[in-house]
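J.: Sequence first, then the predicted structure:
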Amino acid sequence: MMNRKAILSFGAVFAIAACGQSTADENAEQTSAAATAAVTASSGTYETDYKHRYITFSYDHQGFSTPFLRWRDWSGELNWNADDPTASSVNVVIDAESIDSGVDEFDGHLRGADFFDVENHPEITFTSTSVSKTGENTGMITGDLTIKGITKSVTLDTTLNKAASGGRSGDKLGFSAKTTVKRSDFGVDAYVPHVGDDVTIIIETEWEKAE
């Protein structure tokens, strides 16, 4: 998230090599500018790139396996503050019916009252409440997660993978995030403890600046 600029100083002792050094300086400045462009994205509102956004989750199935499921349809809005990322915020809305286990029969069960009860609770939402930095490109996003009408505070361990400005995609940001929640906290507790209560959520997202 931080810009780096090399500042090169030369004294008269290097005058004899001024011409050759000037060329090297220009190349260094171009390299520095390219590096800066690769890690810079301007402040503003960003939307999820629907071709490159994934929310998956996993849990223990009676000790036999760790299934991975996902939601196919969801969208988000990121208000990005390039000068102070901790002042940024994000909102996400998931179409609960778009749950995808890879097994049609199981998907139907997951949409029912035992699990996500999508007829009465068609959306799952996340609204950030705070952002903090833990490293140059890492941070914690805390927010309110609402499932089946129940809201709990959760914290996402987040990494800014890349930020870019200009080019074919315009301003763009890419993040990875991860958290663990207990499904019983949200009323999705069928078959606990025979099927694991802890659910690991893994998020991979790319965001494009809204026009």
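T.: Done, it's in.

J.: In which helix or strand does the spatially most central residue of the chain reside?
T.: Most central in the chain under CA atoms, centre = their mean is Phe175, positioned 3.6 Å from the mean C-alpha point. Taking DSSP states H and E as the criterion, Phe175 maps to strand 172-182.

J.: now whichever helix or strand comes after that strand against strand 172-182, angle please.
T.: Using DSSP H and E, the next helix or strand after strand 172-182 towards the C-terminus is strand 198-209. In terms of direction (axes from the mean of the first three to the mean of the last three CA atoms, to 10 degrees), strand 198-209 departs from strand 172-182 by 160 degrees.

J.: which helices and strands sit right next to strand 198-209?
T.: Packing partners of strand 198-209 (3 or more CB pairs under 8 Å, 6 or more residues apart in numbering; DSSP states H and E): strand 44-58, strand 74-80, strand 172-182. C-beta coordinates here come from the backbone N, C-alpha and C atoms, glycine included.

J.: so what strands line up beside that strand?
T.: Strand pairing for strand 198-209, using DSSP bridges, gives strand 44-58 (antiparallel), strand 172-182 (antiparallel).

J.: tell me which residues in that strand are buried?
T.: 199-201, 203, 205-209 (16 or more other CB atoms under 10 Å).

J.: These: which two are farthest apart?
T.: Greatest spatial distance in the buried residues of strand 198-209: Val199 and Lys209, 31.9 Å, computed using CB to CB.

J.: Domain boundaries for this structure, per the record?
T.: Following automatic domain parsing, one finds the domains of the chain at 12-41, 44-209.

J.: from those, which stretch is densest packed?
T.: domain 44-209 (a mean of 16; mean count of other CB atoms under 10 Å).

J.: Run the chain-centre distance for that domain.
T.: The chain centroid and the centroid of domain 44-209 are separated by 8 Å, computed with CA atoms, centre = their mean, to the nearest Å.

J.: related to what we said a few turns ago, the residue nearest to the centre of the chain bridge partners, please.
T.: According to DSSP bridges, beta-bridge pairing links Phe175 with Leu160, Thr205.

J.: how about it, what does it touch?
T.: Going by CB atoms under 8 Å, 6 or more residues apart in numbering, Phe175 touches 158-161, 203-205, 207.

J.: same deal with Ser98?
T.: Contacts of Ser98 by CB under 8 Å, 6+ apart are 71-74.

J.: before we move on, back to that, kindly reformat the buried residues of strand 198-209 as CSV containing distance to Gly170 and pLDDT.
T.: Formatted as CSV, the buried residues of strand 198-209 follow (distance: CB to CB, whole Å; pLDDT from 0 to 100):
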residue, distance to Gly170, pLDDT
Val199, 35, 98
Thr200, 33, 98
Ile201, 29, 98
Ile203, 22, 98
Thr205, 16, 97
Glu206, 12, 97
Trp207, 11, 97
Glu208, 7, 96
Lys209, 6, 95
